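**Q** A structural model of the following input is requested.
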Amino acid sequence: MSKVQICNRALSTYLGASRINSLTEASPEAEQCNLHYDDTLQSLLEMHRWVFAKGRQILAVQVNDRVGEWGFKYARPSAALKIHWVNDAETARILMAQNMHPDAPRDVSQTDIYSDVENATCEFTKLITDTTKFPQYFADALSAALAANIAMPITEDIKRAQNAMSQAGDKLDMARVLDEEETPPLGYRTVPDYLTMRGVY
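**A** Next up is the predicted model:
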């Protein structure tokens, strides 16, 4: 599914609005999609530990400028949108198998990671913009989320906007569940408790 197809699904399926041929065309629909698409994508990627967007990297050691606070300073991976854990890879695997959080104490900035773990590995969510790499369930959730974000400017209808928001929440819940099923259980779960309580998972 292409970027334009994702936008058209948001417009036609969820909002009953006119379709577009390009994000650069001179139409209110294209303008709103172009304005909100990137932010919606990033927000959605940050909401869950998506299997298709997972990255793992051995961290590059930097000169430690906070000796006494932390044992090591590492460069934050340039592809990392959201850091999930920093630890020795084998230790992290053992902790997850025991249903324990794999993260070690750390301090993270946009460029650096401080940790007491030597030879640390980092697991993170990557910012993926290539729509051909999106599973169908994620593309569906992205279309619904985009529709919720552009509903009021496009339709000027509060009920339609509320309905779009409700559908976006449902699509996100389902996408999270389907994504969790992509990997075998290791004990450590990333499904939010509220999904389990609501009977979604």
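
**Q** hey, where'd the strands end up in this protein?
**A** For the chain, the strands defined by DSSP state E cover 54-58, 60-62, 72-75, 80-87, 106-108, 112-115, 121-126.

**Q** Generate JSON lines for the ones you listed, with distance to residue 95, mean pLDDT and mean neighbour count as supplementary columns.
**A** Where you see a C-beta, it was placed from the backbone N, CA and C, and this is true even at glycine. As requested, the strands of the chain are arranged in JSON lines below (distance: least, Cβ to Cβ, whole Å; pLDDT from 0 to 100; neighbours: other Cβ atoms under 10 Å):
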{"stretch": "strand 54-58", "distance to residue 95": "15", "mean pLDDT": "96", "mean neighbour count": "15"}
{"stretch": "strand 60-62", "distance to residue 95": "23", "mean pLDDT": "97", "mean neighbour count": "13"}
{"stretch": "strand 72-75", "distance to residue 95": "19", "mean pLDDT": "98", "mean neighbour count": "20"}
{"stretch": "strand 80-87", "distance to residue 95": "8", "mean pLDDT": "96", "mean neighbour count": "19"}
{"stretch": "strand 106-108", "distance to residue 95": "14", "mean pLDDT": "97", "mean neighbour count": "16"}
{"stretch": "strand 112-115", "distance to residue 95": "15", "mean pLDDT": "98", "mean neighbour count": "20"}
{"stretch": "strand 121-126", "distance to residue 95": "12", "mean pLDDT": "96", "mean neighbour count": "21"}
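
**Q** Need the per-residue pLDDT for the residue nearest the centre of the chain.
**A** Geometric centre of the chain, nearest residue: residue 45, 1.3 Å, by Cα atoms, centre = their mean. pLDDT for residue 45: 97.

**Q** Please look at it and residue 124 and confirm they touch.
**A** No. Using Cβ atoms under 8 Å, residue 45 is not in contact with residue 124; the gap is 10.7 Å.
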